[in-house]
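Student: Predicted model and sequence follow; I will ask about them next.
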Amino acid sequence: MPATKKQPTRKPARRSKKEDGEKAVVEKIASWAPKDRATGKRLHAIVRDKAPDLTPRLWYGMPAYSKDGRVVLFFRDRAKFKERYMTLGFNDAANIDDGVVWPIVFAIAELDDKGEAKIARLVKKAVS
């Protein structure tokens, strides 16, 4: 019986860092408690809409978004540090400077339309 040629195995197409990070962030948010999961999904959507050039990734186990390898902003659920609110934070790579003193971390008890609008403005400013 003649030997058959073995077909070369194809490696699956490699996903980009952005695609890998997107998957990791979405999976992390999906693992949260229902209330934080809903808020986390909305925060993720705001960031993706207002700052599509940022690369999603996990940073210390939290959803984060970076530019040129530097984390611009992140958020975490209540369970991370057993807090009574979620947290949205901005690192020094964010362009949110306002005078000589400005906030870089925000507590989110609930996310209503007014809160979403404020976060959207902050995210947009952070990447301007």
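Tutor: Here it is on my side, so go on.
Student: contacts and neighbour counts: CA atoms only from here.
Tutor: Will do.
Student: so how far is residue 105 from the residue lying closest to residue 108 once chain neighbours are set aside?
Tutor: Leaving aside its sequence neighbours, residue 108 sits nearest to residue 86 (Cα to Cα, 6 or more residues apart in numbering; 5.0 Å). Remark: distance between residue 86 and residue 105 (Cα to Cα, to the nearest Å) = 10 Å.
Student: Look at these two and report which has more neighbours.
Tutor: Ranked by neighbour count (other Cα atoms under 10 Å), residue 86 and residue 105 place residue 86 first, with 22 against 14.
Student: That one is in contact with residue 75, isn't it?
Tutor: Yes: distance between residue 86 and residue 75: 7.3 Å, which falls inside the contact criterion (Cα atoms under 8 Å).
Student: Around the closest residue to residue 109 other than its chain neighbours, how many other residues sit close by?
Tutor: What sits nearest to residue 109 in space, not counting adjacent residues and going by Cα to Cα, 6+ apart, is residue 85, at 4.8 Å. Residue 85: 17 surrounding residues under other Cα under 10 Å.
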